[in-house]
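Visitor: I'll drop the sequence and a predicted model, then ask my questions.
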Amino acid sequence: MSITDVQQRTRRALAGVRAARLREVRAAFRAGSWQSAYRRRLMLTDAVLVALATFLAVLANNLDGAWPPAQGFRGDQLVFIVVVTAVWPVSIALSRGYDVRLFASGPQEFERIFNATLRFFAVLALGGFLLSWPGLRTYLLVAFPLGLVFLLLGRWQWRGWLRRRRARGESTTSVLAVGLRDQTERLIRELNERPSGYRVVGVCTPPSEARPGEEVLGVPVLADLDGSATIAAQVGADCVAVAGSDRMTAEAVRRLGWELEPVGVDLMLMAELADVAGPRITVTPEQSVSLLHVDAPRFQGPKYVAKTIMDWIGAALITLLVLPVLVAVAVAVATTSRGPVFYSQDRVGRGGQTFRMLKFRTMRVGADREDEVLASDHDGAGVLFKRKDDPRITPAGRMLRRYSLDELPQLFNVLVGQMSLVGPRPPLPQEVSRYEARMRRRLLVKPGITGLWQVGGRSDLPWEETVRLDVYYAENWTPFGDLLILARTAKVVLGAKGAY
């Protein structure tokens, strides 16, 4: 094929992408990028929420047990409100809490807000102590927790708003994938399967892999590797992702970065790592190379002590809050079918230790003896035997399963230290007996009432994917990641998705 033919194919492939991108690019130049607009919304929201929390803290200081307050706001109190409202968001910005790469992706956005708030109030407490600021204790006791909760809830709301826009194909980061075909296919699959906000608009790959005008998983091939910088500018890509190729040497990647710099296109490199979360990765520059450090998973130490304390406090509070629900469910189970209220089953916990997991009974008595008869026609994969139309489930049990109310007694397993609020799914002994070495890593942490498997599809997930998510959680969990999973669990349970 002649050079002219290749150029014609490239122009035809570009035509479809240009038409779709032209309006988006023009709108971006008129109104600025969506990232800048979204960042401004976050900063404005944070300032309003901080001002509200600070105002309530000062108001609480002035109440003295009576309403309305006996006195108005003093001058020093107004100064406190203004200073905190101005400096708190700045502290978040200095902690990179408005980094575009964190928008609606992972727990790091919340972690940075928490760390920035902690540092800011430590400095504020020290400064107020040295200046003998009147009423400082009340300000800190009210403004700090209230403001932190407001900020986290505000980010949660904006994150949901951004995810909904991304589901409609809006507010996304367009990516030009560069590399060998199999590597670009992997990149496209990974970005498409997760709500990361990235959208691959084109592929640059060697002619031996695919020619311009062809497609890779529905994405048009636009050019060879050498023309990636020019193509990125032409289609209005926000970044170029190098997925891997023998021709993309360190020097070639360096030159590509130089070529992208004048047109404002970012450069990303896809690392050959699987199921390793960002907090475990550190980049260290050494002379002319950059070393990628991957921290080994740790399964003991202060972080796990803190998780145990959080589990106990959280389970105790939740048990008190849902106590009326527990009583109502127990009455419903006892009055609608014959048999005990609770059902216990052997499950395998941390370190391979077996324990009795509690649930509200949702099946008729003796249902376990029918497993072998019904297992040949089940809906789950592997040993996760579940049927959507299981005839053994009682009418009350079907409702309990729909909203996961049958899982509530597991709070008592958490209180006695056998389970965690968030963790891998508690496996059956016969399931563990089939584990390969990598699968046994899920036993390095306590099983949880909820986890990535719960928010990722519940009973709809195949067994292999459930195990993969459990191993990923065991090696990469973080406290704020747990909070996100708990929040997402409430949404999934209320929607009754994948429950049967």
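Guide: In hand now; what should we look at?

Visitor: Could you break this protein into its assigned domains?
Guide: Annotated domains of the chain cover 34-167, 172-270, 302-495 [automatic domain parsing].

Visitor: And for M399, the neighbour number?
Guide: 17 (other C-beta atoms under 10 Å). In this view, the C-beta of every residue, glycine as well, is placed from N, C-alpha and C.

Visitor: what about the helices in the stretch 201-350 of the chain?
Guide: Ranges of helices within the stretch 201-350 of the chain are 228-235, 250-260, 302-321, 323-336, based on DSSP state H, counting those that start in this stretch.

Visitor: Redo these as CSV? Include mean pLDDT.
Guide: Output for the helices of the stretch 201-350 of the chain, formatted as CSV (pLDDT from 0 to 100):
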stretch, mean pLDDT
helix 228-235, 86
helix 250-260, 84
helix 302-321, 92
helix 323-336, 92
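
Visitor: what's the closest of these to R181?
Guide: helix 228-235 (14.6 Å; C-beta to C-beta).

Visitor: How about residues contacting the helix or strand encompassing A93?
Guide: Using DSSP states H and E, A93 sits in helix 75-94. Outside helix 75-94, the residues within contact range by C-beta atoms under 8 Å, 6 or more residues apart in numbering are 43, 46-47, 50-51, 54-55, 58, 61-62, 73, 98, 112-113, 116-117, 119-120, 124, 133-135, 139, 143, 147, 151.

Visitor: Pick out the residue nearest the middle of this structure.
Guide: Of all residues in the chain, the one closest to the mean position by C-alpha atoms, centre = their mean is G106, 3.7 Å from it.

Visitor: Wasn't that one part of a helix?
Guide: No: counting by DSSP: H, G, I helix; E, B strand; the rest coil, G106 is located in no helix; its state is coil.

Visitor: Could you identify the longest helix within this structure?
Guide: helix 136-167 (DSSP state H).

Visitor: For that helix, buried residues please.
Guide: Buried residues in helix 136-167, counted by 16 or more other C-beta atoms under 10 Å: 136, 138-140, 142-144, 146-148, 150-152, 154-155, 158-159, 162, 165-166.

Visitor: ok and it relative to helix 75-94, angle-wise?
Guide: 40 degrees (axes from the mean of the first three to the mean of the last three C-alpha atoms, to 10 degrees).

Visitor: counting contacts, what elements does helix 136-167 pack onto?
Guide: Packing partners of helix 136-167 (3 or more C-beta pairs under 8 Å, 6 or more residues apart in numbering; DSSP states H and E): helix 34-63, helix 75-94, helix 108-130.

Visitor: mind checking which of the ones you listed is nearest T205?
Guide: Proximity to T205 (C-beta to C-beta) singles out helix 34-63 among the helices and strands packed on helix 136-167, at 28.0 Å.

Visitor: to the chain's geometric centre, what's the distance from that closest one?
Guide: Here helix 34-63 is found 24 Å from its chain centre; the criterion is C-alpha atoms, centre = their mean, to the nearest Å.

Visitor: what mean pLDDT would you report for that helix?
Guide: Averaging the model's pLDDT scores along helix 34-63 yields 89.

Visitor: between that helix and helix 108-130, how big is the angle?
Guide: Using the same axes, to 10 degrees: helix 34-63 against helix 108-130 is 40 degrees.

Visitor: mind listing what's buried in helix 34-63?
Guide: Result for helix 34-63 [16+ other C-beta under 10 Å]: buried residues 34-35, 38-39, 42-43, 45-46, 49-55, 57-62.

Visitor: Repeat that for stretch 208-216.
Guide: Going by neighbour count (16+ other C-beta under 10 Å), the buried part of stretch 208-216 is E209, A210, R211, P212, G213, V216.

Visitor: Can you lay out these as JSON lines showing pLDDT?
Guide: Below are these laid out as JSON lines (pLDDT from 0 to 100):
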{"residue": "E209", "pLDDT": "79"}
{"residue": "A210", "pLDDT": "78"}
{"residue": "R211", "pLDDT": "80"}
{"residue": "P212", "pLDDT": "80"}
{"residue": "G213", "pLDDT": "79"}
{"residue": "V216", "pLDDT": "86"}
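
Visitor: Going by distance to P424, which of these wins?
Guide: Proximity of these to P424 (C-beta to C-beta) peaks at V216, which lies at 34.7 Å.

Visitor: which ones are touching the closest one?
Guide: Taking C-beta under 8 Å, 6+ apart, one finds A177, R181, T184, E185, I188, V203, T205, A210 in contact with V216.

Visitor: Can you give me every residue that contacts the last one?
Guide: Right, the one you point to is A210. With C-beta under 8 Å, 6+ apart, A210 has these contacts: R181, V203, V216, V221.

Visitor: out of the residues you listed, which is most surrounded?
Guide: V203 (31 neighbours).

Visitor: for that residue, which residues make a bridge with it?
Guide: For V203, the beta-bridge partners under DSSP bridges are A177, V221.

Visitor: right, and it touches L222 too?
Guide: Yes: here V203 reaches L222: they are 6.6 Å apart, a contact under C-beta atoms under 8 Å.

Visitor: Using PDB, write out every CA atom in stretch 428-441.
Guide: Output of stretch 428-441 as PDB, limited to C-alpha atoms (Å, rounded to 0.1, in the frame of the first residue of the first chain):
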ATOM      1  CA  LEU A 428     -18.000 -21.800  52.700                       C
ATOM      2  CA  PRO A 429     -15.600 -24.500  53.800                       C
ATOM      3  CA  GLN A 430     -16.200 -26.600  50.600                       C
ATOM      4  CA  GLU A 431     -15.400 -23.400  48.600                       C
ATOM      5  CA  VAL A 432     -12.100 -22.900  50.400                       C
ATOM      6  CA  SER A 433     -11.100 -26.500  49.800                       C
ATOM      7  CA  ARG A 434     -11.000 -25.700  46.100                       C
ATOM      8  CA  TYR A 435      -8.900 -22.500  46.400                       C
ATOM      9  CA  GLU A 436      -5.700 -22.000  44.400                       C
ATOM     10  CA  ALA A 437      -2.900 -20.200  46.200                       C
ATOM     11  CA  ARG A 438      -3.900 -16.700  45.000                       C
ATOM     12  CA  MET A 439      -7.500 -17.300  46.200                       C
ATOM     13  CA  ARG A 440      -6.400 -18.100  49.700                       C
ATOM     14  CA  ARG A 441      -5.100 -14.500  50.100                       C
END
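
Visitor: Sounds good, over and out.
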